[in-house]
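K.L.:
structure, please.
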Amino acid sequence: MSTRAKLARTTAALDDTEERLRAIMETAVEGIITIDERGIIESMNPAAVKIFGYKPSEVIGKNVNVLMPSPYHEDHDKYLANYLQTGVARIIGIGREVSGRRKDGTVFPMDLSVSEVQLASRRLFTGFVRDITDRKRLVKEILETSDREQRRIGQDLHDGLCQQLAGIELMSEVLERSLQKTSRIHADRLGEIAGHVRDAISHTRSLARGLSPVTLESEGLMAALHELATNTRKIFNVDCTFECDRPVRFEDQVVASQLFRIAQEAVSNGIRHGKARQIVIRLKEQRGKIIVSVSDNGTGFPEKFSNQKGMGLRIMQSRSGLIGGTLIIDRAVPHGVRVMCSVWRKTIAKKQKDGHAKNKKN
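P.N.:
Numbers count the residues shown, from 1 in each chain. Sure thing, here's the model as predicted:
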């Protein structure tokens, strides 16, 4: 075969490959965006156009942070520069949930995974984006339904079962007094039964308050977490303490409720799976973030703990994502597990503002 024929065949093969890649880009369900080493957008497929609402001509040549809300907008260039200098990836090669900003200014949740492409003379980064607004809405409805059911069960325990047990205790005490004169032995046995019923009432009330934490609505997250630590000590006989150096207050009940449930799940995991005997619940505000953490001294998670069932890890991640938070689960020092959820205070303020605006509109 002549050199000219080989060149023609190679050119045809390259054209075919390019056409195939273009077809994949055009028909992909996921949004695909490519940027250079400076974060400048070089291409955007139709799915990405649909997701963000921009025409390619409106964003190509601009920094990719135009598609990001605060604080990602301000921090993106710093993260990219840090990766180019150190090679330490915070998101490249790792899929995670982030927030995007459409052309009309609306912020939405999305799954983002980024891959690096090394060319002969430069590097490109390709972002694969999926709008998960509907999925988040479904998760929110499921969690809200679950929370309502927990509160209902808690109220039923408190208002129903506790009242019935209190009636049994009263009848036992009356019968005990009437038997004092005729059968001291039977009277003493009834006294023991009444004591067990009192213990059952106390235990049931603690369970009810765990399912429906009244203090969360009346006194805020600090009081609810303090009560969680107190009840954990009483019910499980575990050294559980609450630390909060400075008061942390905010009025958003949705955020407070999800942070409380994450802490509650982390405490439960530490006791049930880690066999922890010491647990520390912490609440603090640091650099504009509200941070709730739970550390235990248990056996820790297995090596592949993210695949373990029954630990509520996905539920904690969903609750964190619901409030725009960041969830970190790692190994505590010297051993055990630490679960930490953080949410920006300005994110909480924005949620409250959006909620007020929605209520006025309705």
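K.L.:
show me the helices in the stretch 251-362 of the chain, by range?
P.N.:
253-272, 313-322, 345-361 (DSSP state H, counting those that start in this stretch).
K.L.:
tabulate these in CSV, adding columns for distance to Thr133 and mean pLDDT.
P.N.:
Backbone N, C-alpha and C define where each C-beta goes, glycine included. Shown next, in CSV, are these (distance: least, CB to CB, whole Å; pLDDT from 0 to 100):
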stretch, distance to Thr133, mean pLDDT
helix 253-272, 17, 90
helix 313-322, 12, 86
helix 345-361, 14, 65
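K.L.:
deepest of those, which one?
P.N.:
helix 253-272 (a mean of 22; mean count of other CB atoms under 10 Å).
K.L.:
show me what that helix is packed against.
P.N.:
On a contact count with 3 or more CB pairs under 8 Å, 6 or more residues apart in numbering; DSSP states H and E, helix 253-272 meets helix 133-156, helix 214-218, helix 221-236, strand 278-286, strand 289-296, helix 313-322, strand 337-344, helix 345-361.
K.L.:
out of these, the one nearest Gly191 is which?
P.N.:
Nearest to Gly191 among those is helix 221-236; the distance by CB to CB comes to 23.0 Å.
K.L.:
domain ranges for the protein?
P.N.:
Here the domain parsing of the chain from automatic domain parsing is 3-131, 133-212, 220-362.
K.L.:
hey, which of those is tucked in deepest?
P.N.:
Ranked by mean neighbour count under mean count of other CB under 10 Å, the domains of the chain are led by domain 220-362, which reaches a mean of 17.
K.L.:
apart from its neighbours in sequence, what residue is nearest Phe153?
P.N.:
Actually, residue 153 is Ile rather than Phe. Nearest non-adjacent residue to Ile153, counting by CB to CB, 6 or more residues apart in numbering: Leu211, 5.4 Å away.
K.L.:
no no, Phe125
P.N.:
Nearest to Phe125 is Ile35, by CB to CB, 6+ apart, at 5.1 Å.
K.L.:
okay but Thr204 is in contact with Gly160, surely?
P.N.:
No. With contact defined as CB atoms under 8 Å, Thr204 does not reach Gly160; the gap is 9.8 Å.
K.L.:
so who does Arg205 touch?
P.N.:
Contact analysis of Arg205 by CB atoms under 8 Å, 6 or more residues apart in numbering lists 157-158, 162.
K.L.:
so it is in which element?
P.N.:
helix 184-211 (DSSP states H and E).
K.L.:
how far does that helix sit from the chain's center?
P.N.:
Computed by CA atoms, centre = their mean, to the nearest Å, the chain-centroid distance of helix 184-211 equals 38 Å.
K.L.:
who touches the most centrally placed residue in the chain in this structure?
P.N.:
In the chain, the C-alpha nearest the mean C-alpha coordinate belongs to Ser320, at 1.9 Å (CA atoms, centre = their mean). Going by CB under 8 Å, 6+ apart, Ser320 touches 258, 262, 326-327, 341, 343.
K.L.:
in JSON lines, list the residues you listed along with distance to Met110.
P.N.:
Formatted as JSON lines, the contacts of Ser320 follow (distance: CB to CB, whole Å):
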{"residue": "Gln258", "distance to Met110": "20"}
{"residue": "Ile262", "distance to Met110": "22"}
{"residue": "Thr326", "distance to Met110": "15"}
{"residue": "Leu327", "distance to Met110": "17"}
{"residue": "Cys341", "distance to Met110": "20"}
{"residue": "Val343", "distance to Met110": "18"}
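K.L.:
nearest to Val107 among these?
P.N.:
Val343 (14.5 Å).
K.L.:
give me the pLDDT for that closest one.
P.N.:
pLDDT, Val343: 93.
K.L.:
next: Leu21.
P.N.:
pLDDT recorded at Leu21 is 68.
K.L.:
check the one 4 residues further on too.
P.N.:
pLDDT recorded at Met25 is 74.
K.L.:
host element of it?
P.N.:
Going by DSSP H and E, Met25 is in helix 3-27.
K.L.:
strands paired with the helix or strand following that helix, and their directions?
P.N.:
Tracing the chain C-terminally past helix 3-27 and defining elements by DSSP H and E, one meets strand 31-35 next. Looking at strand 31-35 with DSSP bridges, its partner strands are strand 41-44 (antiparallel), strand 123-131 (antiparallel).
K.L.:
Asp239 contacts Gln278, correct?
P.N.:
Yes. Between Asp239 and Gln278 there is a contact under CB under 8 Å: 4.6 Å.
K.L.:
quick one: low-confidence residue ranges for the protein.
P.N.:
Residues of the chain that meet the criterion pLDDT under 70 lie in 1-19, 21, 71-95, 214-215, 217-218, 301-311, 350-362.
K.L.:
which residues are in contact with Phe52?
P.N.:
Contact analysis of Phe52 by CB under 8 Å, 6+ apart lists 31, 44, 59, 67, 100-103.
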